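> Quick check, what structure comes out for this input:
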Amino acid sequence: MNGLYKGLVDAPLYNHRVLYAKDDRSGTFLRMAFDGDWIVGDTKGKDDNNTLGWAFSLGDAGLTPNHPTRWKVAVDGKNVEQSSVTVTPFTESEWARTKACALPAPSMHLAHAQPPLN
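Below is the predicted model of the structure:
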């Protein structure tokens, strides 16, 4: 789940929000579910527009996935709240510098790329 999720800004909105695809082309998406939570899940979940996935936002979801401050993660078949989950907006150049530093990653870190500001 960790990695860069790029906003598919040229695609139609997904449940009224930008859909984010993981940069490694693994078929992993960060998406707004129909129930109003952000979810990290696979292509099938996205295509079925369901609430299945590996990580779920809690509380106020906001307009972008970096808004929620609480997340649950699927661990051994149970959804467990994990305070170490963060979603941080990065530009692509910021992400490249972060990866180049080879800093130890927290137990989970999701990043979404912001579209360039005009």
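
> For the rest of this, base every contact and every neighbour count on C-alpha atoms.
Noted.

> what ranges do the helices span in this structure?
43-48, 92-101 (DSSP state H).

> Check what pLDDT the residue sitting nearest the centre point of the chain gets.
Ranked by distance to the mean C-alpha position of the chain (C-alpha atoms, centre = their mean), the top residue is L30 at 3.6 Å. Note on L30: pLDDT of 94.

> next one: P116
43.

> hang on, the earlier thing: need the least confident one among the helices of the chain, by mean pLDDT.
Among the helices of the chain, helix 92-101 scores lowest, with a mean of 66.

> returning to that earlier point: give the contact list for the residue nearest to the centre of the chain.
Contact analysis of L30 by C-alpha atoms under 8 Å, 6 or more residues apart in numbering lists 5, 19-22, 38-41, 65.

> mind saving the C-alpha coords of stretch 70-86 as PDB?
What follows is stretch 70-86, C-alpha atoms only, in PDB (Å, rounded to 0.1, in the frame of the first residue of the first chain):
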ATOM      1  CA  ARG A  70      -7.600   8.500  11.400                       C
ATOM      2  CA  TRP A  71      -7.300   5.300   9.400                       C
ATOM      3  CA  LYS A  72      -8.100   1.600   9.900                       C
ATOM      4  CA  VAL A  73      -5.900  -1.100   8.200                       C
ATOM      5  CA  ALA A  74      -6.900  -4.700   7.500                       C
ATOM      6  CA  VAL A  75      -4.700  -6.900   9.700                       C
ATOM      7  CA  ASP A  76      -5.300 -10.600  10.000                       C
ATOM      8  CA  GLY A  77      -8.900 -10.300   8.800                       C
ATOM      9  CA  LYS A  78      -9.800  -7.400  11.200                       C
ATOM     10  CA  ASN A  79      -9.800  -3.600  10.600                       C
ATOM     11  CA  VAL A  80      -7.500  -2.100  13.200                       C
ATOM     12  CA  GLU A  81      -7.000   1.600  13.700                       C
ATOM     13  CA  GLN A  82      -3.400   2.600  13.200                       C
ATOM     14  CA  SER A  83      -2.100   6.000  14.200                       C
ATOM     15  CA  SER A  84       0.900   5.600  12.000                       C
ATOM     16  CA  VAL A  85      -1.000   5.900   8.800                       C
ATOM     17  CA  THR A  86      -0.500   9.200   7.000                       C
END
